[in-house]
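Q: Any chance you could fold what I've pasted below:
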Amino acid sequence: FVFATPETAANSLAELVRAAERVGGGAVDDAGCELARLRSGRPRFGVDFSDRNYPQEAGLKDLAVSFSKGCYLGQEVVCTLEHRGRLKSYLVRFLSASEPRAGAAITDANGAEVGSITSGVYDPEHGHALSLGYVPRALACAGKELLAGDTRVTIQALAGQT
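A: Numbering: from 1, shown residues only. The predicted structure is shown next:
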């Protein structure tokens, strides 16, 4: 992320685009950012997780949690969960032929609702859709096939992992 004042935003963006063009890149729109985010399996606050999720549940442990820093708000709960607890669910990255809609219920082989899709996008370069959603811990393993609405989805990895 780049933070700029309203007065310097246009010049900052132009400078970043020129730098990207020098190495063979260019400007990316919101859809391109969303595609890159889901390719990397990175959750987005307010979309894939909120203040009601534990960092480990949302795939944020390596990105946003320190077990060696001094005290911080919520440290005891996060640390206890890491060393003694068991999460009920995990945010996972799915692969599918078509894009399931955000909010679609995820069901298991018996038709029982087990979670929901939080975000998704179609990847035209690779010819498949990528999405994130929560599933119970027992189902959160690579290769597991589930349904999101009418779309068959396959778990690739836990969110935040490649």
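Q: CA atoms for contacts and neighbours, from now on please.
A: Will do.
Q: Report the separation between residue 115 and residue 67.
A: Per C-alpha to C-alpha, to the nearest Å, residue 115 is found 29 Å from residue 67.
Q: Please say which of these two ends up with more neighbours.
A: residue 115 (20 against 11; other C-alpha atoms under 10 Å).
Q: hang on, the more buried one in a helix?
A: No - going by DSSP: H, G, I helix; E, B strand; the rest coil, the assignment for residue 115 is strand, not a helix.
Q: Same question for the longest helix anywhere in the chain: list its buried residues.
A: Assignment by DSSP state H gives helix 9-22 as the longest helix of the chain. Neighbour counts over helix 9-22 (16 or more other C-alpha atoms under 10 Å) mark no residue as buried.
Q: same thing with stretch 38-49?
A: 38, 39, 41, 42, 43, 48, 49.
Q: Pull the distance from that stretch to the chain's centre.
A: 3 Å (C-alpha atoms, centre = their mean, to the nearest Å).
Q: give me the element residue 93 is part of.
A: Residue 93 belongs to strand 89-96 when elements are defined using DSSP states H and E.
Q: on contacts alone, who are the packing partners of the next helix or strand after that strand?
A: Sequence-wise, the next helix or strand downstream of strand 89-96 (DSSP H and E) is strand 105-107. Applying 3 or more C-alpha pairs under 8 Å, 6 or more residues apart in numbering; DSSP states H and E, we find strand 105-107 packed against strand 113-123, strand 145-148.
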